[in-house]
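Student: Have a look at this prediction, sequence included:
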Amino acid sequence: MDSYLTPYLPVLILLVIAGVMCTAISLLAGKLGPRRITSVKEGAFECGNPSTGDGHARHSVRFYLVALLFIVFDVESVFVYPWGAMLHDFQAQHLGWFAFGEMMSFMATLALGLVYVWRKGALNWSADVNS
């Protein structure tokens, strides 16, 4: 008699093996790993260099603005690339002009956003960065 869950048996085996390996690696690393604590290991570091200055100092808003802009245009590429790759299938389904118009409105909205942040000076790094 074949059960409905039989096809999922390999997934269960994989999860059990992964769980056993994670537990074994964690236990072995804790038991066999070195425990010598030195002043170098205790010291804080930043990208391999000793930290300088206050860790709670204020950052420029421009860093966050650039991060947000990167996310917006990164998401754009996530939508545009598959659309471009599958454009011939849209045409085969009689969605060609509709899909093209929808993508152009999406691109126009993003282009207007880019023009807006450009005119506001969000992309201008030649000004004082610490403001």
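Tutor: Yep, it's here. Residues are numbered from 1 along each chain as shown.

Student: residues touching the most centrally placed residue in the chain, list them.
Tutor: Centroid-nearest residue in the chain, with C-alpha atoms, centre = their mean: Ile71, separated by 8.4 Å. Contact partners of Ile71, counting by C-beta atoms under 8 Å, 6 or more residues apart in numbering, are absent. Where C-beta positions appear, they are placed from N, C-alpha and C, glycine not excepted.

Student: Before we go further, it is sitting in a helix, right?
Tutor: Yes: in this structure, Ile71 lies within a helix as judged by DSSP: H, G, I helix; E, B strand; the rest coil.

Student: gap between it and Val78?
Tutor: Ile71 sits 10 Å away from Val78, going by C-beta to C-beta, to the nearest Å.

Student: Any idea how many residues pack against Tyr107?
Tutor: To be clear, residue 107 is Met; Tyr isn't right here. 13 (other C-beta atoms under 10 Å).

Student: On the pLDDT front, check the spatially closest residue to it that is not a sequence neighbour for me.
Tutor: Nearest in space to Met107, with sequence neighbours left out and distances taken as C-beta to C-beta, 6 or more residues apart in numbering, is Val80 at 7.4 Å. Looking at Val80, its pLDDT stands at 84.
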